[in-house]
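I would like the atomic coordinates for the input below:
(one chain, ligands or ions: 4)
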Amino acid sequence: MAEGQFLFSKELDVAVRVVHLACALCQRVQNSLLSSNGSQVNSKDDDSLVTVADYSVQAVVSRILSEYFGSQNLSIVAEEDAQTLSKSDLLQEVVNTVNESISEAPKFGLKISNVPVGPSQVIEAIGRCSSSGGPKGRHWVLDPVDGTLGFVRGNQYAVALALIEEGRVVLGVLGCPNYPVKKGLVNHHHQLTSEISSASPDMWDKGCVMYAKRGAGKAWMQPLIHGELKLDSFESARSIRVSSVKDPALATLCEPVEKANTSHSFTEGVAHSAGLRKKPLRVYSMVKYAAIARGDAEIYMRFARAGYKEKIWDHAAGVLIVQEAGGVVTDAGGRPLDFSRGIYLEGLDRGIMACSGAVLHEKIIGAVDSSWECSLL
Ligand SMILES: Nc1ncnc2c1ncn2[C@@H]1O[C@H](COP(=O)(O)OS(=O)(=O)O)[C@@H](OP(=O)(O)O)[C@H]1O
Ligand SMILES: [Mg+2]
Ligand SMILES: [Mg+2]
Ligand SMILES: [Mg+2]
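Ligands and ions are numbered 1, 2, ... in the order given. Got it, this is the predicted structure:
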């Protein structure tokens, strides 16, 4: 298929629209959550959080992908689990949220039957996303809300949708509802800077959606759209590019906020030995990949504790967007991430690093090797 044709393929068109729709859903839930007593949040068996938004986005995306691509051979790999929802006190609120979202799908250019759904259909839609991916065929990969902790804290989060074909990520869409389109409006405490007061609301509070298609050599960003997402909406997209900074002293390191998700002490050692001087930018969710892709930071490092296996939905969309925007993403051994082996990034060497270019990447890999021996990881 020709380059341009694929860029406007049905898959990409539907994926971008559904992520816009999901972002609108998330914004409503986040607003209501922040003004209520947290009744829309549960803890899962592993003590991580799940909210009405996580379940609702997964159900809406599942229904829309089924409507467009048929439910027969549709494979979706996604984070949330239908059984857990069926036992949760969030179920009715999820049903209401799903119906509300589906009813506004036409505004986003999505056609879906607007017959209200009940609990069993919502559970079925979520349950349909229990594929485990693999090396053959096509698999949609969804993290309905990535950075749920950031989401409940009123901070950064992302909606991430990717398509894997024959084991390779071919399409990635990342919705970042709290990440302003305009550069420079987020400071190192992830707060919106004082520039905000002088920017008009439509310049900052919309957030953005980024997307990429494998092999295009470009990635794109659009402002989050609240009104009508017209057919020509792709015209509102502009291409994004990684930073051209090559000097480690000028590079910004991006990493998870929680020390449970990465070793801050290890990355501090690596940063020091690679000659990084700037304060790290700690940001929730795959917004870290978004920051690298559009040049707000140069390096994203993530070193989970031993025994934790990274999941494909936490990376697929972000990795492709960074790569197509000109960046390099590998494990700590310099090998590409393998999305072909099920729900986990099997065979990952130590950690993940996404860099704005080959020069910084090589320096960081070298620094990881020299720091590794003396680390306690
Ligand atoms: N122990 C451990 N180590 C590494 N990663 C883990 C771990 N536990 C969970 N997770 C996954 O981390 C996802 C959130 O990552 P973040 O980069 O957003 O982390 S942080 O909130 O900024 O600290 C989070 O994604 P969501 O559940 O979608 O929020 C998890 O999939
Ligand atoms: Mg996640
Ligand atoms: Mg999630
Ligand atoms: Mg989670």
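
rest of the way, CA atoms for contacts and neighbours
Fine.

Look at residue 375 and say how many residues are nearby.
Per other C-alpha atoms under 10 Å, the neighbour tally for residue 375 reads 11.

shouldn't it be in contact with residue 264?
No. Look at residue 375 against residue 264 with C-alpha atoms under 8 Å: they stay out of range, at 11.6 Å.

State the phi and psi torsions of residue 164.
Note on residue 164: its backbone torsions stand at phi -110, psi 130 [degrees, to the nearest 10].

which stretches of the stretch 201-350 of the chain have low pLDDT?
201-205, 226-235 (pLDDT under 70).

repeat that for 50
201-204 (pLDDT under 50).

Check it for the residue nearest ligand 3 and tell me.
Proximity of the stretch 201-350 of the chain to ligand 3 (C-alpha to the ion) peaks at residue 314, 7.6 Å away.

quick one: contacts for that residue?
143, 146, 160, 286 (C-alpha atoms under 8 Å, 6 or more residues apart in numbering).

Equivalent analysis for residue 172, please.
160, 161, 162, 163, 211, 212, 213, 316, 317, 318, 320, 321.

Residue 179 now?
Applying C-alpha under 8 Å, 6+ apart, the residues near residue 179 are 156, 186, 207, 208, 287.

measure the last one to residue 256 for me?
With the distance defined as C-alpha to C-alpha, to the nearest Å, residue 287 ends up 10 Å from residue 256.

element containing residue 99?
Following DSSP states H and E, one finds residue 99 within helix 91-103.

who's in contact with that helix?
Outside helix 91-103, the residues that touch it by C-alpha under 8 Å, 6+ apart are 21-22, 25, 40, 52-53, 55-57, 59-60, 85, 112, 114, 116-119, 122.

For ChimeraX, what selects the buried ones among the contacts of residue 179?
Buried subset of these, written as a ChimeraX selection, criterion 16 or more other C-alpha atoms under 10 Å:
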select :156,186,207,208,287
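
Pick out whichever of the contacts of residue 179 sits closest to ligand 2.
Closest to ligand 2, out of all of these and judged by C-alpha to the ion, is residue 287, at 11.0 Å.

which residues touch the closest one?
Per C-alpha under 8 Å, 6+ apart, neighbours of residue 287: 156, 157, 158, 176, 179.

Need the residues you listed in a markdown table (columns: secondary structure and pLDDT).
Shown next, in a markdown table, are the contacts of residue 287 (DSSP: H, G, I helix; E, B strand; the rest coil; pLDDT from 0 to 100):
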| residue | secondary structure | pLDDT |
| --- | --- | --- |
| 156 | coil | 97 |
| 157 | coil | 98 |
| 158 | strand | 98 |
| 176 | strand | 98 |
| 179 | coil | 95 |
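
and stretch 365-377 with ligand 1, contact?
No. Stretch 365-377 lies apart from ligand 1 when judged by C-alpha under 6 Å from any ligand atom; the minimum separation is 12.6 Å.

Apart from its neighbours in sequence, what residue is nearest residue 44?
Leaving aside its chain neighbours, residue 44 sits nearest to residue 50 (6.7 Å; criterion: C-alpha to C-alpha, 6 or more residues apart in numbering).

quick one, phi/psi of the one you found?
phi -140, psi 140.

Okay, it and residue 41: tell me how far apart.
Applying C-alpha to C-alpha to residue 50 and residue 41 gives a distance of 6 Å.

ok, these two, which is more surrounded?
Higher neighbour count among residue 50 and residue 41: residue 50, with 21 against 18, using other C-alpha under 10 Å.

Residue numbers of the stretch 1-150 of the chain in contact with ligand 3?
By C-alpha under 5 Å from the ion, the residues of the stretch 1-150 of the chain that approach ligand 3 are 143, 145, 146.

Could you say which of the residues you listed is surrounded by the most neighbours?
Those, ranked by neighbours (other C-alpha under 10 Å): first place residue 145, 31 neighbours.

Kindly export the strand or helix carrying that residue (C-alpha atoms) in CSV.
Using DSSP H and E, residue 145 sits within strand 138-146. The C-alpha coordinates for strand 138-146 follow below in CSV (Å, rounded to 0.1, in the frame of the first residue of the first chain):
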residue,chain,number,x,y,z
ARG,A,138,-3.1,-8.4,13.7
HIS,A,139,-3.6,-7.3,17.3
TRP,A,140,-4.9,-4.0,18.6
VAL,A,141,-3.2,-3.1,21.9
LEU,A,142,-4.9,-0.8,24.3
ASP,A,143,-4.0,0.9,27.6
PRO,A,144,-7.4,2.6,28.3
VAL,A,145,-5.8,4.9,30.9
ASP,A,146,-2.1,4.8,31.3
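
Which neighbouring elements make contact with the helix or strand following that strand?
Using DSSP H and E, the helix or strand that follows strand 138-146 in sequence is helix 148-152. If contacts are counted by 3 or more C-alpha pairs under 8 Å, 6 or more residues apart in numbering; DSSP states H and E, helix 148-152 sits against helix 10-34, strand 49-51.

Adding mean pLDDT, write those out as CSV.
Formatted as CSV, these follow (pLDDT from 0 to 100):
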stretch, mean pLDDT
helix 10-34, 96
strand 49-51, 97
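
just so I know, which of those lies nearest residue 104?
Among the helices and strands packed on helix 148-152, the nearest to residue 104 by C-alpha to C-alpha is helix 10-34 (7.9 Å).

Which other helices and strands does that closest one contact?
Counting by 3+ C-alpha pairs under 8 Å, 6+ apart, helix 10-34 packs on helix 52-69, helix 91-103, helix 148-152, strand 158-165, strand 168-176, strand 208-213.

Pairing partners for the fourth one, with directions?
Using DSSP bridges, strand 158-165 pairs in its sheet with strand 138-146 (antiparallel), strand 168-176 (antiparallel).

quick one: that strand to chain centroid distance?
8 Å (C-alpha atoms, centre = their mean, to the nearest Å).

Give me the three-state assignment for residue 73.
The assignment at residue 73 comes out as coil when based on DSSP: H, G, I helix; E, B strand; the rest coil.
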